[in-house]
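A.B. asks: what would the 3D arrangement of this be:
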Amino acid sequence: MTGDLTARDAIPLLTLKGVGRTYNVGDSETRVLRDVDLEIHEGDFLAILGPSGSGKSTLLNLLALLDRPTVGKYHVNGDDVTGLGERQRDALRSDMFGFVFQASHVMTEESSARNVALGLRIQGLGHREREKRIRPALERVGLIHRTDAPGKNLSGGERQRLALARALATNPKVLFADEPTGNLDVANTKRVIDELRSLNAQGMTVVVITHDPAVAAAARSQVTIVDGVLVQSTEKRASSSWNSHAIKPDVADPTASVPSGRKPGHWQGVVDDVYDALTALTSRTGRTILLIIAFMLGSGGLVLSVGLSQTASAQVSERLARAALDELQVSLSASGSQAYDSSGTTPSDQRNRIEGLDGVVDVGLRYDMASKDLKPSRFQPGLAVHEPTFAGSLLAVDSHYLELNDVVVEPASALSLLDESFGKPVALVGRETAVRWGISAAGPDQKIWVAGQPVPVVGVIESPGRNQLLSDSIVMGIGDFRQPVLTDPMFIVRTVPGFPAPLSEAVPLALDAAHPEYFKVSTVADLRSLRRGVNTDLSVFIGVLSWVLLALACLSSATSMYLTVQTRRSEIALRRAIGTSRASIRRMFVFEGLLVGTGGGLAGGAAGMAALLVFCLQQGWTPVLGLEAVAMGVLAGAVTGVLAAMYPAISASRADPAQAIRG
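C.D. replies: Numbering: from 1, shown residues only. Presented below is the predicted three-dimensional model:
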């Protein structure tokens with residue numbers, strides 16, 4: 001055993017040769033360390049002393065692979081590790097080094113046991129192996145009774161002892177301690193010093209930065225650094241025995257891509273990252289709820305838009321299907337308008353010809369009137385009353401038009417006045433128009449004004465039937481109108497079910513066999529093309545709004561998660577210091593975004609379906625929503641959650657552990 005120890009002592013465990021460290025601040029350079037030569041042998045207990053700003057922490061960061069020298073070489077067990085890649089440095093820190101910092105860096109929302117297990121999780125150990133190491137580590141520092149207590153409930157002394165237990169659980173070969181007693185009282189300071197002595201007596205190499213004379217006196221050797229230069233070294237080396245309780249990792253090849261203890265490709269690491277993400281979310285419930293609501297609004301809007309589009313399409317299709325059985329529309333083409341004016345043929349003649357065809361049940365006549373020219377209003381023009389411009393439909397129709405559209409008028413007798421008004425125009429108003437203009441019911445004292453002339457309101461359209469536009473309309477009777485006030489008539493033809501298609505060819509010939517091109521017949525096929533266009537426009541419009549909501553949710557969540565990264569600098573620095581890879585840090589934050597986004601997507605899917613049901617109940621529609629729309633909402637939430645987490649994840653993974661751990 002003695003010969004083995006002698007062989008180990010022959011090669012220093014840690015060696016710095018001509019090491020310097022320079023920082024660039026703007027255009028200037030600051031030299032923090034210069035020409036440092038230092039050897040630390042296995043079993044040493046070294047205290048690094050010096051005034052503030054002398055370079056002590058920078059020296060510790062270089063030894064612990066938290067930083068890289070600007071010049072010089074660094075050897076571990078005789079192997080040059082100066083040029084190791086980031087992953088190899090992370091793995092070597094995890095397997096070989098333990099850390100105790102002045103601030104302890106305890107994860108406040110985690111239990112003591114979970115805090116101790118952090119380094120073991122980074123090493124890739126399974127749950128059973130972790131359990132074997134957690135309890136002895138807590139017992140050693142006197143915290144076994146606080147196993148399940150969260151870090152935030154521990155005192156300052158307990159937190160520092162917990163940090164020591166976290167380091168010891170990984171069986172490090174070298175323990176680095178940065179001012180480990182700086183925030184402790186006398187009793188806890190003595191306890192930490194005794195523990196460091198005990199560990200060193202068992203063979204562990206200890207390197208400590210301290211201002212405390214008691215800690216420095218406990219060390220086997222001391223070095224003093226002033227202005228970045230080692231100026232004094234005190235040797236008190238004594239033979240140390242490496243007892244059977246000390247577990248020494250094999251670091252003979254520190255450049256190995258997978259150091260001992262790690263299990264490459266093991267799913268345990270991914271499970272741990274997911275657990276860490278869940279813990280971070282549940283420990284910040286207010287922030288998490290707000291993030292979920294943001295994603296819920298975006299995903300819910302997307303689900304609702306798809307549902308509204310599908311439902312509206314179904315409603316339009318249903319109405320067109322009904323119209324396909326028994327309705328077509330006949331109007332004059334552009335060339336037919338001129339021929340009609342010169343032929344002397346009246347609309348009554350046109351109606352009679354259409355009604356004479358087989359399969360025709362009834363024919364209604366409608367004229368679209370220019371409201372911008374006739375300027376309908378509630379009050380007499382010229383009065384000092386401001387009225388908004390009427391935006392509804394202004395029509396002149398006969399009673400047949402309203403009857404074949406299944407319109408309900410109150411009183412019903414008003415229908416007969418549309419065909420013969422006995423010398424003056426009369427009007428019906430839609431229910432929406434009546435409410436807006438304060439017309440409670442028809443009567444001789446109720447008047448509106450059209451083209452500057454008073455028109456009595458003889459009825460109110462209580463139900464628009466098959467034409468929803470009639471809800472917000474003014475419907476004039478055609479009995480007292482003559483050309484040229486009314487031009488370009490449109491006939492609505494109700495047919496025997498199944499007859500619109502053959503009649504679409506027969507009607508133009510019946511009206512003018514020599515010039516059927518003068519007439520334009522709109523069949524359901526034409527209306528279906530219109531339906532597709534309307535539905536597409538509606539879907540695009542609502543869909544764009546939904547994606548805008550998702551984008552805003554993504555942006556706000558990314559901002560929130562980035563701010564969270566700043567508040568979790570201590571935790572991130574600790575994880576990086578004890579060997580967590582940058583990839584693992586990124587995964588943890590991406591999983592947070594994925595979980596929040598998926599949760600928001602699920603909530604948004606439920607909210608979108610509920611909103612659709614409420615809307616359809618109010619409109620009397622039959623809701624239509626495919627499961628793929630809900631799946632789309634959940635998927636959109638998950639994807640935007642991941643996108644929102646990408647930049648914060650990259651920002652967190654780029655954190656410099658040497659800088660962050662001091663902050």
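A.B. asks: can you show me the strands along the stretch 101-250 of the chain?
C.D. replies: 174-178, 205-209, 221-226, 229-235 (DSSP state E, counting those that start in this stretch).
A.B. asks: got those as TSV, with mean neighbour count and mean pLDDT columns?
C.D. replies: C-beta here means a position set from N, CA and C on the backbone, and glycine is covered the same way. Below are the strands of the stretch 101-250 of the chain laid out as TSV (neighbours: other Cβ atoms under 10 Å; pLDDT from 0 to 100):
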stretch	mean neighbour count	mean pLDDT
strand 174-178	24	92
strand 205-209	24	93
strand 221-226	18	91
strand 229-235	13	80
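A.B. asks: same list, those strands, but as JSON lines with distance to residue 500 please.
C.D. replies: Converted to JSON lines, those look like this (distance: least, Cβ to Cβ, whole Å):
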{"stretch": "strand 174-178", "distance to residue 500": "88"}
{"stretch": "strand 205-209", "distance to residue 500": "93"}
{"stretch": "strand 221-226", "distance to residue 500": "98"}
{"stretch": "strand 229-235", "distance to residue 500": "100"}
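A.B. asks: figure out how far the host helix or strand of residue 278 is from the centre of its chain.
C.D. replies: Using DSSP states H and E, residue 278 falls within helix 267-282. In terms of Cα atoms, centre = their mean, to the nearest Å, the centre of helix 267-282 is set 19 Å apart from its chain centre.
A.B. asks: would you mind pulling up the elements that that helix packs against?
C.D. replies: Where contact means 3 or more Cβ pairs under 8 Å, 6 or more residues apart in numbering; DSSP states H and E, helix 267-282 is packed against helix 112-123, helix 582-619.
A.B. asks: tell me the domain boundaries of this protein?
C.D. replies: Per the record, the chain has its domains at 43-65+89-241, 281-315+532-662, 326-529, by automatic domain parsing.
A.B. asks: confidence-wise, which of the ones you listed is weakest overall?
C.D. replies: Lowest mean pLDDT within the domains of the chain: domain 281-315+532-662, at a mean of 80.
A.B. asks: out of the strands of the stretch 101-250 of the chain, nearest to residue 132?
C.D. replies: Shortest distance between residue 132 and these, using Cβ to Cβ, is found for strand 174-178: 20.3 Å.
A.B. asks: state the distance from the nearest residue to residue 14 once chain neighbours are set aside to residue 372.
C.D. replies: In space, residue 14 comes closest to residue 40 once its chain neighbours are excluded; the distance is 4.2 Å by Cβ to Cβ, 6 or more residues apart in numbering. Residue 40 is 93 Å from residue 372, where distance means Cβ to Cβ, to the nearest Å.
A.B. asks: of those two, who's got more company?
C.D. replies: Remark: of residue 40 and residue 372, residue 40 carries more neighbours, 20 against 8, as counted by other Cβ atoms under 10 Å.
A.B. asks: what sits against the more buried one?
C.D. replies: Counting by Cβ atoms under 8 Å, 6 or more residues apart in numbering, residue 40 makes contact with 12, 13, 14, 15, 46, 63, 174, 205, 207.
A.B. asks: ok, now how distant is it from residue 57?
C.D. replies: 17 Å.
A.B. asks: can you check residue 379 too?
C.D. replies: For residue 379, the distance to residue 57 - Cβ to Cβ - is 84 Å.
A.B. asks: of these two, who's got more company?
C.D. replies: Neighbours were counted for residue 379 and for residue 57 using other Cβ under 10 Å; residue 57 has more, 21 against 14.
A.B. asks: SS state for that one?
C.D. replies: At residue 57 the chain is in helix, as set by DSSP: H, G, I helix; E, B strand; the rest coil.
A.B. asks: which other helices and strands contact the one helix or strand residue 642 maps to?
C.D. replies: Following DSSP H and E, one finds residue 642 within helix 627-653. Applying 3+ Cβ pairs under 8 Å, 6+ apart, we find helix 627-653 packed against helix 285-326, helix 524-567, helix 582-619.
A.B. asks: and if we set it to 10 Å?
C.D. replies: helix 285-326, helix 524-567, helix 569-577, helix 582-619 (3 or more Cβ pairs under 10 Å, 6 or more residues apart in numbering; DSSP states H and E).
A.B. asks: most tightly surrounded among the ones you listed?
C.D. replies: helix 569-577 (a mean of 23; mean count of other Cβ atoms under 10 Å).
A.B. asks: what's it packed up against?
C.D. replies: helix 86-96, strand 97-101, helix 112-123, helix 267-282, helix 524-567, helix 582-619, helix 627-653, helix 657-662.
A.B. asks: swap in 8 Å and give it another go.
C.D. replies: strand 97-101, helix 112-123, helix 582-619, helix 657-662.
A.B. asks: next, the angle helix 86-96 makes with the first one.
C.D. replies: Pointing back at strand 97-101 there. Relative orientation of strand 97-101 versus helix 86-96 (axes from the mean of the first three to the mean of the last three Cα atoms, to 10 degrees): 80 degrees.
A.B. asks: so what's residue 430 up against?
C.D. replies: Going by Cβ under 8 Å, 6+ apart, the list of residues near residue 430 reads 392, 460, 461, 464, 470, 471, 472, 473, 474, 475.
A.B. asks: how about the residues you listed in JSON lines, adding neighbour count and distance to residue 621?
C.D. replies: Below are these laid out as JSON lines (neighbours: other Cβ atoms under 10 Å; distance: Cβ to Cβ, whole Å):
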{"residue": "392", "neighbour count": "18", "distance to residue 621": "22"}
{"residue": "460", "neighbour count": "22", "distance to residue 621": "24"}
{"residue": "461", "neighbour count": "26", "distance to residue 621": "21"}
{"residue": "464", "neighbour count": "20", "distance to residue 621": "15"}
{"residue": "470", "neighbour count": "28", "distance to residue 621": "19"}
{"residue": "471", "neighbour count": "17", "distance to residue 621": "16"}
{"residue": "472", "neighbour count": "20", "distance to residue 621": "19"}
{"residue": "473", "neighbour count": "24", "distance to residue 621": "22"}
{"residue": "474", "neighbour count": "26", "distance to residue 621": "27"}
{"residue": "475", "neighbour count": "25", "distance to residue 621": "26"}
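A.B. asks: now render the residues you listed as CSV, adding secondary structure and distance to residue 454.
C.D. replies: Below are the contacts of residue 430 laid out as CSV (DSSP: H, G, I helix; E, B strand; the rest coil; distance: Cβ to Cβ, whole Å):
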residue, secondary structure, distance to residue 454
392, coil, 19
460, strand, 18
461, strand, 20
464, coil, 25
470, helix, 22
471, helix, 24
472, helix, 21
473, strand, 19
474, strand, 13
475, strand, 17
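A.B. asks: out of the residues you listed, the closest to residue 68 would be?
C.D. replies: For the contacts of residue 430, the nearest to residue 68 is residue 472 (74.7 Å; Cβ to Cβ).
A.B. asks: quick one: residues contacting that closest one.
C.D. replies: Counted by Cβ under 8 Å, 6+ apart, residue 472 has contacts 391, 392, 393, 430, 432, 433.
A.B. asks: what about the last one, how many residues nearby?
C.D. replies: By the measure other Cβ under 10 Å, the count of residues near residue 433 is 27.
A.B. asks: residues contacting the host helix or strand of it, please?
C.D. replies: In this structure, residue 433 is located in helix 431-437 according to DSSP H and E. Defining contact as Cβ under 8 Å, 6+ apart, one finds that helix 431-437 is touched by 378, 390, 392, 429, 439-440, 448, 460-462, 471-474.
A.B. asks: surely residue 448 forms part of a strand?
C.D. replies: Yes - according to three-state DSSP, residue 448 belongs to a strand.
A.B. asks: so how many other residues sit close to it?
C.D. replies: With other Cβ under 10 Å as criterion, residue 448 counts 21.
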